[in-house]
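Q: please find the sequence and the predicted model below.
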Amino acid sequence: MPYVLGIDIASTRTTAATCVDSGDGWGVPEPSWLGARGPAAASAVFLDDDGYLLTGDAAVEAGRSAPARLLTGFHERVGDDVPVIVGGERFPPESLSAVLVDAAVEQAAERFGEKPCHIVLTHPVGWGSFRRDLLRRALAEAGFPRAALVAAPVAALHAYLAPHGDVTAGVCEFGPDGTVVTIAAAGVNGWQPVKTVEGVEPAEAVGKVFELAHGAGIPPHSLAGIVLCGEAPPVPGRTPCPVFASSDPVLTVAIGAANIAARRDLPQPAGAGSAVETTLLPRVDVPEELTERPERPPVDITPFPLPERTGAAKLLSRRKPLVAGAAVVVLAATTLLLTLTTREATADKGPEATPTTSSSCAPATPGATPSTPEGRC
């Protein structure tokens, strides 16, 4: 059964929603169950001693015994010069985000028996083209070259309001570091963010929407509505415009992303301009080259045969450098054991030449610098 998938990676939790084509059109988006106790899962990745990557709530649980191997908050760090380092290994933040996308896609594929037709992934509203391009390339390397990126407030608006007519609406994204307040205008190119303010106190978020609208010359009662998403508190009193808040506002952005993904599969009317596809539903089939790219991907997320795990700790990826390092340790230990055994056996036979070992089995010199340079992440 054809379906599409919308994914929202926030600072602390990841949510997803699916929209199914029953033959008579696209249905209503439904949450995809990602967490151990609910639809939302932690935005976390854990690297275990065997080189396996765990995601979501399983990663948080494993991180209780080894917190140094638990990775969080990496989605907001996409584009940073400093990579995420754990266990002596470097992880580009965008590759870790791609691992979370892979986990959400696999969860949906287990339910529907096939992968989604389209994927829409949200990103913070303040991201520029450089950060979006980095994430697009990481998604392409993970096997999702046609995934579209949409700003989180735009996706939230699509959960309730279609961009019809010359209207303006507001979005309040409640998170652990305060509220991100955005006003967006609808036009021929869909919803377009006009003004964004971060770090707003939750109790002042709705009032900040009216303040931004007033600064843009829009009376509060002329707003099409205000969408609340994330850990949204109750809104006291009456407001001059509609306020949209579901029973679980954490899922609002993912549901809106699924609505956008369903629109991607609709045939475009004749004469439709390319601006709609580029702005509202980004075209990512042939991304442009970056000015600087890593010389080699620090994280190898290319699928290859590995032992299959079950339950929450299902295998997502494995780093080859960890496997190679373990092999060097085993070969070095074996060589040392053979050398000591030979010396003991010949100790009473007089001096003899010291047994030599093959250079291919010799352990790496401690402190040596690898010849392969690391690229800029």
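A: Sure, I can see it.

Q: need the pLDDT of Ala364.
A: pLDDT recorded at Ala364 is 46.

Q: with Gly311 instead?
A: At Gly311, pLDDT is 32.

Q: Glu295 now?
A: For Glu295, the pLDDT comes out at 53.

Q: could you do Pro83 as well?
A: So Pro83 comes in at 78 (pLDDT).

Q: Ala184 bridge partners, please.
A: Beta-bridge partners of Ala184, counted by DSSP bridges, are Ala169, Pro193.

Q: that one contacts Gln192, correct?
A: Yes. Under the criterion of CB atoms under 8 Å, Ala184 makes contact with Gln192 at 6.0 Å. (Glycine included, C-beta is placed from N, CA and C.)

Q: neighbour-wise, which of those two wins?
A: Ala184 (27 against 15; other CB atoms under 10 Å).

Q: and the more buried one, how far from Ser32?
A: 26 Å (CB to CB, to the nearest Å).

Q: and the helix or strand that contains Ile260, what other elements does it pack with?
A: Taking DSSP states H and E as the criterion, Ile260 maps to helix 252-264. For helix 252-264, the packing partners by 3 or more CB pairs under 8 Å, 6 or more residues apart in numbering; DSSP states H and E come out as strand 3-9, strand 13-20, strand 30-32, strand 119-123, strand 148-151, helix 152-158, strand 226-230.

Q: any chance of those in JSON lines, plus mean neighbour count and mean pLDDT?
A: Formatted as JSON lines, the helices and strands packed on helix 252-264 follow (neighbours: other CB atoms under 10 Å; pLDDT from 0 to 100):
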{"stretch": "strand 3-9", "mean neighbour count": "29", "mean pLDDT": "95"}
{"stretch": "strand 13-20", "mean neighbour count": "26", "mean pLDDT": "95"}
{"stretch": "strand 30-32", "mean neighbour count": "19", "mean pLDDT": "92"}
{"stretch": "strand 119-123", "mean neighbour count": "25", "mean pLDDT": "95"}
{"stretch": "strand 148-151", "mean neighbour count": "23", "mean pLDDT": "94"}
{"stretch": "helix 152-158", "mean neighbour count": "29", "mean pLDDT": "94"}
{"stretch": "strand 226-230", "mean neighbour count": "27", "mean pLDDT": "94"}
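
Q: between those, which gets nearest to His164?
A: Of all those, the one in closest proximity to His164, counting by CB to CB, is helix 152-158 (11.6 Å).

Q: run through who's touching the closest one.
A: If you take CB atoms under 8 Å, 6 or more residues apart in numbering as the criterion, helix 152-158 is touched by 6, 8, 10, 120, 122-125, 163, 169, 171, 173, 180, 182, 184, 190-193, 196, 227, 229, 252-254, 256-257, 259-260, 280.

Q: which of those count as buried?
A: 6, 8, 10, 120, 122-125, 163, 169, 171, 173, 180, 182, 184, 190-191, 193, 196, 227, 229, 252-254, 256-257, 259-260, 280 (16 or more other CB atoms under 10 Å).

Q: ok, now how distant is Thr18 from Tyr3?
A: Taking CB to CB, one finds Thr18 at 5 Å from Tyr3.

Q: which residues do those two both contact?
A: Residues touching both Thr18 and Tyr3 (CB under 8 Å, 6+ apart) are 108, 112, 116.

Q: spatially nearest residue to the second one, not counting backbone neighbours?
A: For Phe112, the nearest residue in space outside its immediate sequence neighbours is Tyr3; the separation is 5.6 Å by CB to CB, 6 or more residues apart in numbering.

Q: so that neighbour makes contact with Lys115?
A: No. Counting by CB under 8 Å, Tyr3 stays clear of Lys115, with 9.3 Å between them.

Q: anything in contact with each of these two?
A: Common neighbours of Tyr3 and Lys115 (CB under 8 Å, 6+ apart) are Ala108.

Q: my guess is Arg136 contacts Ala147. True?
A: Yes. Counting by CB under 8 Å, Ala147 is a contact partner of Arg136 at 7.5 Å.

Q: what's in contact with the helix or strand encompassing Phe210?
A: Counting by DSSP H and E, the element that carries Phe210 is helix 205-215. Contact with helix 205-215 is made by 168, 170, 172, 174, 179, 181, 183, 194-195, 197, 200, 219-220, 222-223, 226, 235, 239-240, 243, as judged by CB under 8 Å, 6+ apart.

Q: and that helix, average pLDDT?
A: Helix 205-215 comes out at a mean pLDDT of 93.

Q: quick check: angle from that helix to strand 226-230?
A: Relative orientation of helix 205-215 versus strand 226-230 (axes from the mean of the first three to the mean of the last three CA atoms, to 10 degrees): 140 degrees.
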